[in-house]
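>>> Predicted structure and sequence below. I'll ask about it afterward.
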Number of protein chains: 2
Amino acid sequence: MPARDIYHDALKNALLKDDWIITDDPLHIKWGLRDMYVDLGAKKLLAAQKAENKIAVEIKSFISPSEIQDFKEAVGSFVLYRAVMHRVEPERTLYLAVRDNIYNALFQEPIGTLLVESDNIYLIVFNVDEEEIVQWIP
Amino acid sequence: MPARDIYHDALKNALLKDDWIITDDPLHIKWGLRDMYVDLGAKKLLAAQKAENKIAVEIKSFISPSEIQDFKEAVGSFVLYRAVMHRVEPERTLYLAVRDNIYNALFQEPIGTLLVESDNIYLIVFNVDEEEIVQWIP
C-alpha cells in the first residue's frame, strides 16, 4: 500500500474519532473547465449553534527527497483549492493536513511559520500511529 | 539542452531587449535555514523618479503532462518566494514568467483568472521565438 493511502486512512480515522462525518472521499470541486479533487470532505454538527461545520481536507505526505519541493506543492494545492472553494462553497473551510513530525520540523521552522502567517494556511496536524488529531491551526 | 534552459535564455534576452539589467542568475534568497533560488534578478533605472526598479522572476515551463500539477507548483513557488521576498527585500517585486501560449490557455481560462485575482499573482508573459515580453500583469 503506498504511503499516501496509509496517511489518508489514518487522517480519516482521526477525524471519525473527533466526531466528524466523512461526506466526500474525495471531494469534487469544479471551476470553469477544471475538475479537482480535494482528499476529504467532512461535516460535524455544532449542537449549540444548531449549525453544521463543513471542512475540506487536503492531505500532504511530504515523502519526496526535497522538503522544499513538497512544501511548494502543498502550498500551491492549498492556495488553488482555497480560491475555488471560496467561490463554489464559501461556507466550507479548507485545511492542509500534515503529520506531526512534518509539522514539528518544517512548519515550525522559520519558512513554515512565515508561510502559515503570511498566506493564512489552515492546518490539521495529526499523528499517524495513534490516528489522532494533535492540533488545529488556527 | 533541456526545455527549461531554452525558456530561461529566451526570457533573459527578452528582459535585456526591454532595457533590464540582469543582476542575478539565479537570485539567492534565504529565510531561516533555507536557501532558495529564484531564476533571475534584474533592475532598471527609472530616470524620471531617479530610482531603480528591481524585480525577481521565476520562470515556469509548464511542460509536464498535467497542467493543473504544473499550475499548483507555479503558484506554490510564487507564494513561497513572495512571502520570503517581502521580508528580505521588500522593494523587489516578484513575477512569475510564463510563455504566451500557456498564458492564453491556462491563465485566461476561469481557473487562471481566479487565481491571478484572488492571490495577486504578478505575471510576465513572453514569447519564446521572438524573445520578447508580451505583457506585464499588473
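Perfect, I can see it now. Numbers count the residues shown, from 1 in each chain, chains lettered A, B, ... in the order given.

>>> Which helix runs longest in chain A?
The longest helix of chain A (DSSP state H) is helix A:67-88.

>>> okay, the angle between that helix and helix B:67-88?
110 degrees (axes from the mean of the first three to the mean of the last three Cα atoms, to 10 degrees).

>>> for helix A:67-88, packing partners?
With contacts defined as 3 or more Cβ pairs under 8 Å, 6 or more residues apart in numbering or on different chains; DSSP states H and E, helix A:67-88 has these neighbours: strand A:27-31, strand A:34-38, strand A:51-59, strand A:92-99, helix A:110-118, helix B:67-88, helix B:110-118. Glycine gets a C-beta too; all of them are placed from N, C-alpha and C.

>>> if you set the cut-off to 7 Å instead, what comes out?
Contact here means 3 or more Cβ pairs under 7 Å, 6 or more residues apart in numbering or on different chains; DSSP states H and E; on that basis helix A:67-88 packs against strand A:27-31, strand A:34-38, strand A:51-59, strand A:92-99, helix B:67-88, helix B:110-118.

>>> Centre-most residue in chain A?
Central residue of chain A (Cα atoms, centre = their mean): A:Leu96, 2.7 Å from the mean position.

>>> Tell me where the model's unsure across chain A.
For chain A, the stretches with pLDDT under 70 are A:1-4.

>>> Contact residues of it facing chain B?
A:31-34, A:36, A:68, A:71-73, A:75-77, A:79-80, A:83-84, A:87, A:109-111, A:114-115, A:118-119 (Cβ under 7 Å from any Cβ of the partner chain).

>>> Apply 8 Å and report the result again.
A:31-34, A:36, A:68, A:71-77, A:79-80, A:83-84, A:86-87, A:109-111, A:114-115, A:118-119 (Cβ under 8 Å from any Cβ of the partner chain).

>>> re the thing from before, tell me which residues form a beta bridge with the residue nearest to the centre of chain A?
For A:Leu96, the beta-bridge partners under DSSP bridges are A:Glu58, A:Leu123.

>>> What are the neighbouring residues in contact with it?
A:57-58, A:60, A:74, A:77-78, A:121-124 (Cβ atoms under 8 Å, 6 or more residues apart in numbering or on different chains).

>>> Among the residues you listed, find me the one that's closest to chain B.
Nearest to chain B among the contacts of A:Leu96: A:Ser77, at 5.1 Å, using Cβ to the nearest Cβ.

>>> excluding its backbone neighbours, what's nearest the closest one?
In space, and not counting its chain neighbours, A:Ser77 is closest to B:Lys72: 5.1 Å by Cβ to Cβ, 6 or more residues apart in numbering or on different chains.

>>> Identify the residues contacting the one you found.
With contacts defined as Cβ under 8 Å, 6+ apart, B:Lys72 is in contact with A:73, A:76-77, A:80.

>>> How about A:Asp35?
For A:Asp35, the contact set (Cβ under 8 Å, 6+ apart) comprises A:28-29.

>>> repeat that with 7 Å
Neighbouring residues of A:Asp35 by Cβ atoms under 7 Å, 6 or more residues apart in numbering or on different chains: A:His28.

>>> Then A:Thr23?
Going by Cβ under 7 Å, 6+ apart, A:Thr23 touches A:41-43.

>>> what about it, which helix or strand?
With elements taken from DSSP states H and E, the one containing A:Thr23 is strand A:21-24.

>>> top of the contacts of A:Thr23 by neighbour count?
Comparing those by number of neighbours (other Cβ atoms under 10 Å in any protein chain shown), A:Ala42 comes first, having 24 neighbours.

>>> before we move on, which element is that one in?
Taking DSSP H and E as the criterion, A:Ala42 maps to strand A:40-46.

>>> can you list the residues that contact that strand?
Here strand A:40-46 makes contact (Cβ under 7 Å, 6+ apart) with A:12, A:15, A:19-27, A:52-57.

>>> and it, how far out from the chain's middle?
Here the centre of strand A:40-46 is set off from its chain's centre by 13 Å, with Cα atoms, centre = their mean, to the nearest Å.
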